[in-house]
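Enquirer: predicted coordinates and the sequence they were generated for:
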Amino acid sequence: MTGLENATVLLLQASPGGYDPILPGLILLLPLLGFLANGALGLIGGVRAAEELRSGREPARHEGRPLTHTLPTWIGPATIGLAFVLTTANFMAMLGAELTDPIVRSYWMWMATGTLGVEAAIQLDQLSMIMMMVITGVGFLIHVFSVGYMKDDPGYPRYFAYLNLFVFFMLILIMGANFPMMFVGWEGVGLCSYLLIGFWFQDREKADAGKKAFIVNRIGDFGFLLAIFLLFVSFGTLDYATIFDQAPEVLTYGGGVATAVTLFLLLGAIGKSAQVPLYVWLPDAMAGPTPVSALIHAATMVTAGVYLVARAGVLFALAPVGAAAVATIGAVTALFAATIALQQYDIKKVLAYSTVSQLGFMFLGVGVGAYAAGVFHLMTHAFFKALLFLGAGAVIHSMHHALHATHKDWDAQDMRNMGGLRRYMPVTWVTMAIATVAIAGIWPFAGFFSKDEIIWYAGTAAGVGGGYGALFTVLWGMALAAAVLTAIYMTRLLVMTFHGSNRTGDAEASHLHEAPLTMIVPLCILAVLSVVGGWLNVPGSVRNSIFGGFGLLPMSDWLDRWLQPVTQSAVDIRVAELGGYASSAPVGGGHVLWGAIATGVALVVVILTARAVSRQKIVPATQDTVPLSGIRKHLYHKWYVDELYDRVIVRPVVRASRFSWRWIDQILIDGTVNAVGGVARGFGWFGSLFQTGQVTTYAFILTLSALAVLGALIF
Amino acid sequence: MTLDFVSRADFIWALLPEIVLSCWAMAILLVGVWEKERPGLPPRNLRLLAWLSVAGLAATAGVNGWLYGVSGTDASGMIALDSFRLFANWIFLLGAALTILVSLPYIAKQRLQAGEFYTLVLLATVGMMVMAGTRNLILLFLAIETMTISAYVLTAYHRADRRSAEAGLKYFILGAFSSAFLLYGIALTWGATGSVNLAEIAQTIEAGAGFTGLLMAGMALLGVGFAFKVGAVPFHMWAPDAYEGAPSPSTAFMAAAVKAASFAALLRVFLEAFPGLYEAWYPVMWWLAALTMLVANLIALSQSSVKRMLAYSSVAHGGYLLVGVTAANEFATASVLFYLLVYTIMTIGAFGIVMIVSGHGEERLQVDDYAGFGWQQPVLGVLLTIFLLALAGFPGTAGFMAKIFLLQGAVESQLWTLAILLALTTVVSYYYYLRVAWYMWMRSADAGEPAIPVVAPGIVRFTLIGSAAVMIYLGVLPGAVLEGAISAAEHFGVVAGEAFMGLAR
């Protein structure tokens, strides 16, 4: 038998009975190898460029691009693409198997100290598999998009090195089988985020944005670490399997430890997923290249907090306070960020606040115990938000070229300078329109199914409550309001960018162009996913009454059922303790009626907004001199949160550290150290006085000392 | 192969490394006198002599390796056939070879008599090997004299230099003085136990000869003799003067290999003959260790000459090693061996670069002279920085691991105060080691000061780079070497543990 036949037989044997992971280590290794290769190329290219600079020669005009530039084009996307293929193979194998317990592969003993034993181990189960599919799949598309977007950047290989490294750490975060592994990934993606936000570090503002992201995230990481310590103290281990198995016995329901652990975990999640009050870094993070915003700051890294809550669902089920806090933070963020998005002019800023808002929805979902719904929205959001960012990237790319061609110093990201772009970029327009409809929540696009499922769960949770009924009712109302605002700001974005007359300028408009193929293809694929992505988890009743008629959808509640092995124990705890559970069971007029109302409202809002925005007189940014007033001014200035933080936190800290430096460090500590050093040198000088150079002195001291030793031993 | 010491021939096998090296040293002497002296010029066959000497050391090392596969029937003979001796031999041979390699340009520049110089180095090495291997106090004395008399001559080797001659004379007078203590100690011990064999002495003590004044006096005088040889405070006064005055190659050799041999013999005598008297001798060792670490490190702080600073640093390292001797458990003994190996390499490495900076003479020895050296000679600068960091015990270098092992050994015997003192004095030592590095990299040479002329042939650079690489390697992966040291220390067992149990009773 040949090797191939062998592999086929193995594969066939693996399904349907059990699931045997197919080279899971390689999925991790490929992006790492890509990082090493691209990193080496980046170094080589950098050294060469520096040499050319130093020698004062004109940079050599290569025939085409140098190898350090062309190789990353292939290495970068290919490693992620192969990882995606492998992940898909594993996903297929897992589909065929009835997997109830997670599969843990451990590679080596990582930390063995005292009672703590942490292994470098990965865990493959339904949740990590879905996340891996999203990360490698969307990641691959964004890598391909980047080829076109970053083509002319001198830091091209470095860019791909960072991007590959990011995917590696994101996979570690998802695939780790214990909390320390997740923490490594958690910190690793934070590092890559920092490196990529500050990718154009020559620009002071962009470098500062990177620092802001890094520092704000430290606050969250502090909480995450404390949670890990608490878990270790309570369980004596940090493996998921053991902790989640034993949690119901070890932790008392609603007890102090469970509440503390979940609140600390929540603090970590808030930092990474940019929730109120630590969301401030994400809008600034838009300073990075746009594909980075799509991959890291929309589709994957910022959802790590949602993943964390879903992964630790058992712990949150045991701590109703923690879960309610998650839901509350989520709903507040969803509404708060949506209001800010209403009055932003920077196209990426709108999307950034939209991302913060949508992450709030996911938090609301996992907070009320609808883990599958949260993960579902995570997935669909990854599709349409990545699409929106990439579309925005294509627009910025085109605008940038047009403005560059005539040396006009306008802002390429300001929507007031755009308008009517659909004539120049039809494909981008169509795909972004699809994404807008999807995020606005209109049937049958992806966002409708996932977002409305979360709202549905929030509503039914208000009925179960467990003492939080009133709170959940309020949160439900906030989510509804946020959903309406979502439709408004997204329509505004679409209309301001693509419709109406062009405001870029006549000379510039002729340079506007559609994006190249490497950018268009990922847009189209993501557009398809933004349509069909929501059909993965259609409630049974909806399927029967609408899709069933067309025979279109073979499965209902697929994601719910797929994730059941992971979420079931958390749901069981909630049912046992609360006597009920936020469920997807039809209420009132049933799913179809509510769904129709929701779609209808969204549709009306979209149409009204579109009409209102088209009637508005929009002028280019430089001519827009009418000052905003009232609520619009507050929204435009993002409720002055950055200013508030600056006054309340940043400036006092700076003052305190300046005090510590001048008085405590320079005078007290340095003074003490210098004094100790002086005394030590004084002793040394005293000791060297005996070193007279006279043999007789030496012999005398030697004899005395010998007598001392003799005396000590004999008496 | 098993040796049966009934047969005379088997004694030869057991002593083969020492025999090979002795014969080789004689041969070097002959080759050395072959060449007619040319006034004002280095000997023509200098390189030949150096390589021949290294070859002799390598051949001896080969025989030494072969001995690992040999066992003896008699465990209490004059010469021990154990891996302690063999491991110690590696250190001596390595120290001698490194000294010869890095000092090649020095010998040439100073026009020293190469043949005799190398012969003396090899003969001193023979003495060291016997010191580590013998179980007989009389033979031990002969071995020590073989080594030290060679060292006296090496110290005074630069006849034209007044300081060298003065250092040699001082060393000789005080060395003879301490040898008298040692010999007297041997005599009293013999008087008290009736034997000069270490194993028999231990048996007699075990049988109850115990704490008689005679035995105590003998042990005390032996201890004084050893304290002098290892340069423990307050018996250290000879060391800074001798180290500073001696030609740099001799200093490197004495600071590294001679000290290593003294420690090997000290371990052998006190752990093999006097384990039963641990309670009596450990307070003395404790005080010697504490005083040595404190005083040597503090005095080193106020030195402005790099060579003298390294001399005090050598004394200070003796203090750290005494902590391991005091701890007297298996791991501590192994860590002393590991430390000696590391210490030998890093000391000779540092002296190697000091020789280069001082123009293979005795100039430019002040710390100020190193200003800007790092930027003038980046490779040598980095190498010296590595050696200095290793000497200071910086994490990532072998010096750090060696100190960690010593600390672990000390903690196993619950010598908390000594462990803390070791850590604290190490912090003090950072100052004087890093000061040199600071001058090298952070200060620029005075304007108008010519760059330091550098003569460093390929073989010297190669040796130094190799040594630095080993320092890094052992700092990251010390496991294999440490295991070798542990198996070498095995048969001494846990002296301290038993004694402490005795104290508890």
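Expert: Sure, I can see it.

Enquirer: wasn't A:Met111 part of a helix?
Expert: No. Checked against DSSP: H, G, I helix; E, B strand; the rest coil, A:Met111 lies outside a helix; its state is strand.

Enquirer: look up the closest residue to it, ignoring the ones flanking it.
Expert: Distance criterion Cβ to Cβ, 6 or more residues apart in numbering or on different chains; nearest residue to A:Met111, sequence neighbours excluded, is A:Val118 at 4.3 Å. Backbone N, C-alpha and C define where each C-beta goes, glycine included.

Enquirer: number of nearby residues for A:Pro77?
Expert: A:Pro77 has 25 neighbours, counted by other Cβ atoms under 10 Å in any protein chain shown.

Enquirer: quick one: residues contacting it.
Expert: By Cβ atoms under 8 Å, 6 or more residues apart in numbering or on different chains, the contact list for A:Pro77 reads A:Phe140, A:His143, A:Val144, A:Ser146, A:Val147.

Enquirer: quick check, the helix or strand hosting A:Gly682 touching chain B?
Expert: Using DSSP states H and E, the element containing A:Gly682 is helix A:670-689. Yes. Under the criterion of Cβ under 8 Å from any Cβ of the partner chain, chain B is reached by helix A:670-689 at A:Gly677, A:Ala680, A:Arg681, A:Phe683, A:Gly684, A:Trp685, A:Gly687, A:Ser688.

Enquirer: can you pull the buried residues of that helix?
Expert: Buried residues in helix A:670-689, counting neighbours by 16 or more other Cβ atoms under 10 Å in any protein chain shown, are found at A:Ala680, A:Phe683, A:Gly684, A:Gly687, A:Ser688.

Enquirer: swap in stretch A:506-513?
Expert: Result for stretch A:506-513 [16+ other Cβ under 10 Å]: buried residues A:Glu508, A:Ala509, A:His511, A:Leu512.

Enquirer: would you mind measuring from the first one to A:His401?
Expert: Distance from A:Glu508 to A:His401, counting by Cβ to Cβ, to the nearest Å: 9 Å.

Enquirer: what does the third one give?
Expert: With distances defined as Cβ to Cβ, the gap from A:His511 to A:His401 amounts to 6 Å.

Enquirer: over to the second one?
Expert: The span separating A:Ala509 from A:His401 equals 12 Å under the rule Cβ to Cβ.

Enquirer: B:Ala456 too?
Expert: Distance of B:Ala456 to A:His401, given as Cβ to Cβ: 58 Å.

Enquirer: could you do B:Gly95 as well?
Expert: When B:Gly95 is compared with A:His401 (using Cβ to Cβ), they lie 70 Å apart.

Enquirer: the two - which one has more neighbours?
Expert: Neighbour comparison, B:Gly95 and A:His401: the larger count goes to B:Gly95, with 32 against 15 (by other Cβ under 10 Å).

Enquirer: which of the residues of helix A:670-689 next to chain B sits closest to B:Leu188?
Expert: Top of the list for closeness to B:Leu188, among the residues of helix A:670-689 next to chain B and by Cβ to Cβ, is A:Gly687 at 32.1 Å.

Enquirer: go ahead and confirm that closest one touches B:Asn297.
Expert: No. The criterion here is Cβ atoms under 8 Å, and A:Gly687 misses it with B:Asn297 at 9.9 Å.

Enquirer: got the residues of the stretch 51-200 of chain B near chain A?
Expert: Residues of the stretch 51-200 of chain B lying close to chain A (Cβ under 8 Å from any Cβ) are B:Leu169, B:Lys170, B:Ile173, B:Leu174, B:Phe177, B:Ser178, B:Phe181.

Enquirer: possible to save those as CSV with distance to A:Val606?
Expert: Formatted as CSV, these follow (distance: Cβ to Cβ, whole Å):
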residue, distance to A:Val606
B:Leu169, 103
B:Lys170, 99
B:Ile173, 104
B:Leu174, 100
B:Phe177, 103
B:Ser178, 99
B:Phe181, 102
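
Enquirer: circling back: the residue nearest to A:Met111 falls within a helix, correct?
Expert: No. With three-state DSSP as the criterion, A:Val118 is located in strand rather than a helix.

Enquirer: what about it, distance to A:Met109?
Expert: Distance from A:Val118 to A:Met109, counting by Cβ to Cβ: 8 Å.

Enquirer: so these two - more neighbours on which side?
Expert: A:Val118 (19 against 11).

Enquirer: can you give me every residue that contacts the residue nearest to A:Met111?
Expert: Per Cβ under 8 Å, 6+ apart, neighbours of A:Val118: A:Met109, A:Trp110, A:Met111, A:Ala112, A:Asn178, A:Pro180, A:Met181, A:Leu238.

Enquirer: in the lengthiest helix in chain B, which residues are buried?
Expert: Scanning chain B for the helix with the most residues, using DSSP state H, yields helix B:162-193. The neighbour-count check on helix B:162-193 (16+ other Cβ under 10 Å) flags B:164-175, B:177-179, B:181-186, B:188-190, B:192-193 as buried.

Enquirer: one more: stretch A:291-310?
Expert: Under the neighbour-count rule (16+ other Cβ under 10 Å), stretch A:291-310 has A:291-310 buried.

Enquirer: circling back to that earlier point, from the contact counts, what lies against the longest helix of chain B?
Expert: Where contact means 3 or more Cβ pairs under 8 Å, 6 or more residues apart in numbering or on different chains; DSSP states H and E, helix B:162-193 is packed against helix A:695-714, helix B:137-155, helix B:198-204, helix B:213-230, helix B:238-245.

Enquirer: what's the closest of these to A:Leu378?
Expert: Closest among the helices and strands packed on helix B:162-193, using Cβ to Cβ: helix B:213-230, at 68.5 Å.

Enquirer: let me know the angle separating the closest one from helix B:137-155.
Expert: Counting by axes from the mean of the first three to the mean of the last three Cα atoms, to 10 degrees, helix B:213-230 lies at 30 degrees to helix B:137-155.

Enquirer: for helix B:213-230, name the packing helices and strands.
Expert: Taking 3+ Cβ pairs under 8 Å, 6+ apart as contact, the helices and strands that helix B:213-230 lies on are helix A:695-714, helix B:162-193, helix B:259-272, helix B:278-301, helix B:306-327.

Enquirer: make it 10 Å
Expert: Under the contact definition 3 or more Cβ pairs under 10 Å, 6 or more residues apart in numbering or on different chains; DSSP states H and E, helix B:213-230 sits against helix A:695-714, helix B:137-155, helix B:162-193, helix B:198-204, helix B:238-245, helix B:259-272, helix B:278-301, helix B:306-327.

Enquirer: with adjacent residues omitted, what lies nearest to the closest residue to chain A within the stretch 1-150 of chain B?
Expert: Closest approach between the stretch 1-150 of chain B and chain A, counting by Cβ to the nearest Cβ: B:Thr148, at 15.5 Å. Of all residues not flanking B:Thr148 in the chain, B:Gly175 sits nearest, at 5.4 Å (Cβ to Cβ, 6+ apart).

Enquirer: just A:Phe449 next, same as before
Expert: Nearest residue to A:Phe449, sequence neighbours excluded (Cβ to Cβ, 6+ apart): A:Gly534, at 3.4 Å.

Enquirer: and the one you found, what's its pLDDT?
Expert: As predicted, A:Gly534 sits at a pLDDT of 84.

Enquirer: list the contacts for it?
Expert: By Cβ atoms under 10 Å, 6 or more residues apart in numbering or on different chains, A:Gly534 lies in contact with A:376-377, A:379-380, A:383-384, A:438, A:441, A:443-453.

Enquirer: residues contacting A:Leu231?
Expert: Going by Cβ under 10 Å, 6+ apart, A:Leu231 touches A:178-179, A:237-238, A:243, A:247, A:250-251, A:257, A:261, A:264-265, A:312, A:315.

Enquirer: which strand or helix spans it?
Expert: A:Leu231 is part of helix A:204-235 when elements are defined by DSSP H and E.
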